[in-house]
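In: Take this sequence and fold it.
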Amino acid sequence: MTETTLAERENQAPLKTRWLALRDAEPKIRARDAAEKLEVSEGELLGCRCGESVQRLQGPWGELIQALPELGRIMALTRNEHVVHEKKGAFGKISIFGEKMGLVLNHDIDLRLFLGRWHFGFAVVEEGAGGPRRSLQFFDQDGMAVHKVHLLEDSNVEAFDALVARFLSPDQSAEMSVTPVPPEPEARPDSEIDTTVLRDRWLALKDVHDFHAMLGELGAGRVQALRLVGTELAWRVDVKSFRNAVTAAADQEIPIMIFVGSPGAVQIHTGPVKTLRDVGPWFNILDPDFNLHLREDHIASAWVVRKPTKDGIVTSLEIYNEDDQQIAWLFGERGEGSSERMDWRALAESMEGVDA
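Out: The predicted model follows:
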């Protein structure tokens, strides 16, 4: 996407006009799908409605996040192109580290925040069948959603209004400039990766959080490293393995952790899952306080991965798209300082390998 503003598109029709026509034709269309049809970002589609049901917010985003516990029980939503992760609960146990990083470690709302990717924020109040629907929505510099907070029936509306007033931007124009996000550096060719060093560094890991930094230092892509490290540490499994693992965990009542990331957040569910359902191309978890919606047809590869930590081996099941970008990843429930559940490990290691 090249740098653009709404004004530059007015030669075909103002975006707001096109959006209203599309909404009239397809009243139930989701914002992300509407943006795709209108060939704009979701952030731009929201921004064109500023001054009516949408109000532009300004940071500091860390301070705004620290005010979110006042809303009470809400639904937090993080998604990427392939999966939507929705979790109900309350914000709490928040730590903000400068302008770039944040943590939310409440029992229900568990987030890793990359605030350097939070460029736009909006407060949205839309009329729905059951009354006004209120939300806070945040976007990257290219207009891609990084995180959303939706109020529920029992949320604190007065606190929402006060938060919006506190962080309201003086700029409420309908114009919004978006710029492309620089691409990630390309992984080095396989021939340039020293697999001996890769294995040695991998086996020396003490914390799963050090894995990303290790790959960066070695110049290796994530899936590239999974392919090269050796099958005792990572092996490719069938693309249905995520579904199969979630289904087995539900059947065996094994509590699990499901991670989903956007450019600006990773959201985590910890606990059991129960209600599984297919709806069209979507594989869904539909529990009272946790919903997951996964486009299985977008999964290009799935891997079982074993990483050493100071607490023993930790096993994950990870799924990737055709560009080797991570869609979601799955662990057994585990607290800091605890060893991995043996029932989860047995389940993950029962996944048969397929040719990489």
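
In: And the closest residue to P308 other than its chain neighbours, what's its pLDDT?
Out: Spatially, and ignoring its direct neighbours in sequence, P308 is nearest to L205 (4.9 Å; Cβ to Cβ, 6 or more residues apart in numbering). Bear in mind the C-beta positions are built from the backbone N, C-alpha and C, glycine included. The model reports L205 with a pLDDT of 96.

In: what secondary structure does L205 sit in?
Out: At L205 the chain is in coil, as set by DSSP: H, G, I helix; E, B strand; the rest coil.

In: That one touches K310, doesn't it?
Out: No: under the criterion of Cβ atoms under 8 Å, L205 is not in contact with K310, lying 9.2 Å apart.

In: on that earlier part again, now do the contacts for the residue nearest to P308.
Out: Each residue near L205 by Cβ atoms under 8 Å, 6 or more residues apart in numbering is listed here: 211, 214, 307-309.

In: Of these, which pair is most distant in space?
Out: Distance extremes for the contacts of L205: the farthest pair is M214 and T309 at 12.9 Å, using Cβ to Cβ.

In: Now do the same contact list for I94.
Out: Counting by Cβ under 8 Å, 6+ apart, I94 makes contact with 65-66, 68-69, 102-105.

In: Looking at these, which are in helices?
Out: Judged by DSSP state H, the contacts of I94 include 65-66 as members of helices.

In: Buried ones among the contacts of I94?
Out: Buried members of the contacts of I94, scored by 16 or more other Cβ atoms under 10 Å, are 65-66, 68-69, 102, 104.

In: Of those, which is the nearest to S53?
Out: Out of the buried ones among the contacts of I94, the member with the shortest distance to S53 (by Cβ to Cβ) is L68, at 20.8 Å.

In: tell me the two of the buried ones among the contacts of I94 that are most distant?
Out: Greatest spatial distance among these (Cβ to Cβ): P69 and G102, at 13.4 Å.

In: Burial check on E336, number of neighbours?
Out: By the criterion of other Cβ atoms under 10 Å, E336 has 7 neighbours.

In: per-residue confidence at it?
Out: pLDDT for E336: 80.

In: Neighbours of K206, how many?
Out: K206, neighbours per other Cβ under 10 Å, totals 11.

In: Does it touch P308 like I think?
Out: Yes: if you go by Cβ under 8 Å, K206 and P308 touch, sitting 7.3 Å apart.

In: who touches both of those two?
Out: Counting by Cβ under 8 Å, 6+ apart, no residue touches both K206 and P308.

In: Need the residue closest to the centroid of this protein.
Out: G261 (2.9 Å; Cα atoms, centre = their mean).

In: Am I right that that residue sits in a helix?
Out: No: assignment of G261 by three-state DSSP gives strand, placing it outside any helix.

In: remind me which residues of the stretch 101-250 of the chain are low pLDDT?
Out: Along the stretch 101-250 of the chain, segments meeting pLDDT under 70 are nowhere present.

In: In it, what residue spans correspond to helices?
Out: Assigned by DSSP state H, counting those that start in this stretch, the stretch 101-250 of the chain shows helices spanning 157-167, 195-203, 211-218, 222-228, 241-252.

In: got the angle for the third one vs helix 195-203?
Out: For helix 211-218 and helix 195-203, the angle between their directions (axes from the mean of the first three to the mean of the last three Cα atoms, to 10 degrees) works out to 160 degrees.

In: residue ranges for the strands of the stretch 201-350 of the chain, please.
Out: Taking DSSP state E, counting those that start in this stretch to define them, one finds strands in the stretch 201-350 of the chain at 234-237, 256-262, 265-271, 276-279, 282-287, 290-295, 301-307, 314-320, 326-332.

In: wait, the stretch 1-150 of the chain
Out: 54-57, 73-79, 83-90, 94-97, 101-105, 110-114, 120-128, 131-139, 145-151.

In: Walk me through which strands the fifth one pairs with, and which way each runs.
Out: Within its sheet, and counting by DSSP bridges, strand 101-105 is paired with strand 94-97 (antiparallel), strand 110-114 (antiparallel).

In: Let's test this: mean pLDDT of the first one, rounded?
Out: Confidence over strand 94-97, taken as the mean pLDDT, stands at 97.
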